[in-house]
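>>> Task: produce atomic coordinates for the following.
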Amino acid sequence: MLRALTQAHFNWAGWEALIHRRGITIDRPQHHPHPQYPGIIYPLDYGYVNGTLSTDGEAVDIFVGTADTGLVGAILTTDHRQIDREFKLLYDCSPTEVYTAHGFINFDRQLLEGTLVLRRPMRMLWAKVNVEP
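Numbering: from 1, shown residues only. Below you'll find the predicted structure:
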């Protein structure tokens, strides 16, 4: 239910326009370790949308892939260590990169877990990148 409500009411076009207007800063490149937890390696470029503010007091987080797909979704996260909820955007991600980001967030659900919300059905994303699922 949360997924359907978010998909229907999230301002996808507004966020995509904001990303284009303000830009993205990548502060954790793909294959680099987390600055505080060196055992955590980022599978995709990870950063934030410039000039935004999330519920954790930091900028809105974003995973950036290698496809030309625009804003494809978000992951609604619960951080059990910091008792905090926020969303992380998925931008220019291929279907495989969407699955990778979702798996990364849910690697240890006792620490962090997330619900994937796609802007459009996954089959449309597969068709956009011209790859058969």
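>>> OK, contacts around the closest residue to residue 29 other than its chain neighbours?
Of all residues not flanking residue 29 in the chain, residue 45 sits nearest, at 5.6 Å (CB to CB, 6 or more residues apart in numbering). Where you see a C-beta, it was placed from the backbone N, CA and C, and this is true even at glycine. Neighbouring residues of residue 45 by CB atoms under 8 Å, 6 or more residues apart in numbering: 26, 28-30, 63-65.
>>> and the gap between residue 45 and residue 60?
15 Å (CB to CB, to the nearest Å).
>>> Specify the beta-bridge partners of residue 116.
residue 75 (DSSP bridges).
>>> what stretches of this structure score poorly on pLDDT?
1-2, 4-5, 131-133 (pLDDT under 70).
>>> the helices in it, which residues?
Under the criterion DSSP state H, helices of the chain are mapped to 2-9, 12-22, 95-105, 122-128.
>>> want to throw those into JSON lines with distance to residue 35 and mean neighbour count?
Below are these laid out as JSON lines (distance: least, CB to CB, whole Å; neighbours: other CB atoms under 10 Å):
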{"stretch": "helix 2-9", "distance to residue 35": "29", "mean neighbour count": "11"}
{"stretch": "helix 12-22", "distance to residue 35": "23", "mean neighbour count": "15"}
{"stretch": "helix 95-105", "distance to residue 35": "16", "mean neighbour count": "19"}
{"stretch": "helix 122-128", "distance to residue 35": "31", "mean neighbour count": "15"}
